[in-house]
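Visitor: pasting the sequence and the predicted model now:
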Number of protein chains: 2
Amino acid sequence: MLPRRWKIRVSRLVQASIRNRVLAALPATEFALLAAHLSRVELALGERLHSAGEPISYVYFVERGFISALALLSDGQPLEIGLIGAEGAIGVSVILGAETSYCETMCQRAGSAYRVTTAALKDAIARAPHLRDLLLRYTHAFHIQVAQTAACNAHHELGQRLARWLLAAHDRSRVAELSLTQDMIATMLGVRRSTVSIAAGTLQRAGFIRYQHGHITILDRVGLENAACECYEAVAEEYRALFGVYPKALTPVKNRPDLG
Amino acid sequence: MLPRRWKIRVSRLVQASIRNRVLAALPATEFALLAAHLSRVELALGERLHSAGEPISYVYFVERGFISALALLSDGQPLEIGLIGAEGAIGVSVILGAETSYCETMCQRAGSAYRVTTAALKDAIARAPHLRDLLLRYTHAFHIQVAQTAACNAHHELGQRLARWLLAAHDRSRVAELSLTQDMIATMLGVRRSTVSIAAGTLQRAGFIRYQHGHITILDRVGLENAACECYEAVAEEYRALFGVYPKALTPVKNRPDLG
DNA sequence: ACATCAATGTGCGATACCGTACATAATGGT
DNA sequence: ACCATTATGTACGGTATCGCACATTGATGT
């Protein structure tokens, strides 16, 4: 059975092979403390990991793909407040003492994660100061992302916000091609799909992206960065600082694939 | 000299007399640990307590008045992401490991606070688990406030947002009268002053507020609550849960002064 | 009482986005 | 190859807010 095989695999978990940046940054002894409780899970597109108001059973350290954190307004319309990839984890508010999730978390690009029960994480944190400090600092970086989004939503035009979002999604992917419909993006950004269509058309005509039936290819990262508002760079810088790496820590190796 | 007198006063600091809800909620032993390092400061209108990108020297436990946390966008325009009164503290991100402030904090209503150096707070936290847990939970509540604001900025109309903001400000005051110009409010909400003028006029004609040359009086809280978006209640509820109090914990004793 | 300044009300063309509808194009299944 | 479905482009009146300008009103100091 699959679960059994996963369990075997996890018991052999080698830290160096882990792509989640938080887990990778831990001292070996503290990683070992947590590793016994990690289990690897596949994340399917559209899968919901936490629901607003519901208890947080697991904390997920994302490895591949990315997850949206969505605020749910009373009119039922979700709106993205943050995007999480291999640089982070979701459900970490449990370490602040939260018992329930204040937002929905949903998989926007299929991938995988290592998850741990809330209880096991809290237990590990009590004995692993570096893990605790790193998760707190990550929480702070995520908080900054949300705060920047609050200002961005109020001030920046859709063209800029779309470019910002595509860059953030690209950073959290490993390839230039994203499986995203305009409808999905419109939901994330809280605007009409037709409005996204117009903004995306502009980016496509500029040669920054190529768009075709649920598939977006990033053609020109630099062009997109110029088209995006400052919010992209501000948040990216914060995550770079978090891991103390000089060159763009979040930027995938393979970027700008079709450009010179 | 004033500083000497304050010092004397602080050395006699009685927890029961403190209006800051975080400090008031501490176990006596832990309060004592912190009290020796607290100093009382007056907060003048417009005073800036932290600047974006600058180190956080002091953490402020607000007692009277309220403080805005403002994101600074590159066009120089500030935009409020959170409002803090006696229910909380500012600069608390130092306990997440932040070294600098990611936002501006500015006094919007004159009052007072107890402040402590970052170093002393970190020291106290290491020895006072309840203080640490309470500050972490407060941080989480503030995070929710910011996330709600992100969604609110994208979705809700100015009329609703203005009503929400007035309610939040009223909760953090002790009287119904606020010294606020439309210009200040417009800056907080990130809109034109003339737009605020129209929205405020609507609220005034409805009898919810009275507006006169930099002074707003809340006449009808219930009316305002109906005019506000859900975001007000969602955030207020979170702070009530934080302090575990059943009836509106944040609502000042003296509300709806002119209403039956 | 008067002058001055700050705060507010208002007007108006421009614009971004809404809300909705419909047409077209690409994809996937049979 | 065909069809059903999904994704995208586009149109159009409506609305909230912008960006700017100017008039008016209330507070303040002398």
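Guide: The structure has been received and is ready for your questions. Numbers count the residues shown, from 1 in each chain, chains lettered A, B, ... in the order given.
Visitor: do you know the pLDDT at A:Ile89?
Guide: Ile isn't right for residue A:89; it's Ala. Note on A:Ala89: pLDDT of 98.
Visitor: touching, it and A:Leu134? I think so.
Guide: No: using CB atoms under 8 Å as the test, A:Ala89 is too far from A:Leu134 to be in contact (10.0 Å). To be clear about C-beta, it is placed using only N, CA and C from the backbone, and glycine gets the same treatment.
Visitor: looking at these two, which one has more neighbours?
Guide: Taking other CB atoms under 10 Å in any protein chain shown, A:Ala89 and A:Leu134 do not tie; A:Ala89 has more neighbours (27 against 22).
Visitor: that older thread, for A:Ala89 and A:Leu134, list the residues in contact with both.
Guide: Applying CB atoms under 8 Å, 6 or more residues apart in numbering or on different chains, one finds that A:Ala89 and A:Leu134 are jointly contacted by A:Val22.
Visitor: so which strand or helix has A:Ala69?
Guide: A:Ala69 is part of strand A:58-72, with elements assigned from DSSP states H and E.
Visitor: what about A:Ser173, distance to A:Ile216?
Guide: 10 Å (CB to CB, to the nearest Å).
Visitor: ok, now A:Asp183?
Guide: Counting by CB to CB, the gap from A:Asp183 to A:Ile216 is 13 Å.
Visitor: more neighbours: which of these two?
Guide: A:Ile216 (23 against 13).
Visitor: could you check whether the one helix or strand A:His143 maps to is close to chain B?
Guide: A:His143 is located in helix A:129-155, with elements delineated by DSSP H and E. Yes: using CB under 8 Å from any CB of the partner chain, helix A:129-155 reaches chain B at A:133, A:136-137, A:139-140, A:143-144, A:146-151, A:153-155.
Visitor: just checking, what packs against the next helix or strand after that helix?
Guide: Counting by DSSP H and E, the next helix or strand C-terminal to helix A:129-155 is helix A:158-171. Counting by 3 or more CB pairs under 8 Å, 6 or more residues apart in numbering or on different chains; DSSP states H and E, the packing neighbours recorded for helix A:158-171 are strand A:78-84, helix A:129-155, strand A:177-179, helix A:182-189, helix A:193-205, strand A:215-218, helix A:221-227, helix A:230-243.
Visitor: could you give the mean pLDDT of helix A:158-171?
Guide: Confidence for helix A:158-171, expressed as mean pLDDT, is 97.
Visitor: now stretch A:28-38
Guide: On average, stretch A:28-38 scores 94.
Visitor: for it, output the C-alpha coordinates as CSV.
Guide: Extracted in CSV, the C-alpha atoms of stretch A:28-38 (Å, rounded to 0.1, in the frame of the first residue of the first chain):
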residue,chain,number,x,y,z
ALA,A,28,21.0,18.5,11.6
THR,A,29,20.2,17.6,15.2
GLU,A,30,17.0,19.6,15.1
PHE,A,31,16.0,18.3,11.7
ALA,A,32,16.4,14.7,13.1
LEU,A,33,14.0,15.6,15.9
LEU,A,34,11.4,16.6,13.4
ALA,A,35,12.1,14.1,10.7
ALA,A,36,10.6,11.2,12.6
HIS,A,37,7.2,13.0,12.5
LEU,A,38,7.3,14.2,8.9
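Visitor: report the distance from it to the chain centre.
Guide: In this view, stretch A:28-38 has its centroid 22 Å away from the chain centroid, taken as CA atoms, centre = their mean, to the nearest Å.
Visitor: are that stretch and chain B in contact anywhere?
Guide: No: against chain B, stretch A:28-38 shows no contacts by CB under 8 Å from any CB, the least distance being 15.9 Å.
Visitor: got the buried residues for the helix holding A:His143?
Guide: Within helix A:129-155, the residues scored as buried using 16 or more other CB atoms under 10 Å in any protein chain shown are A:131-132, A:134-155.
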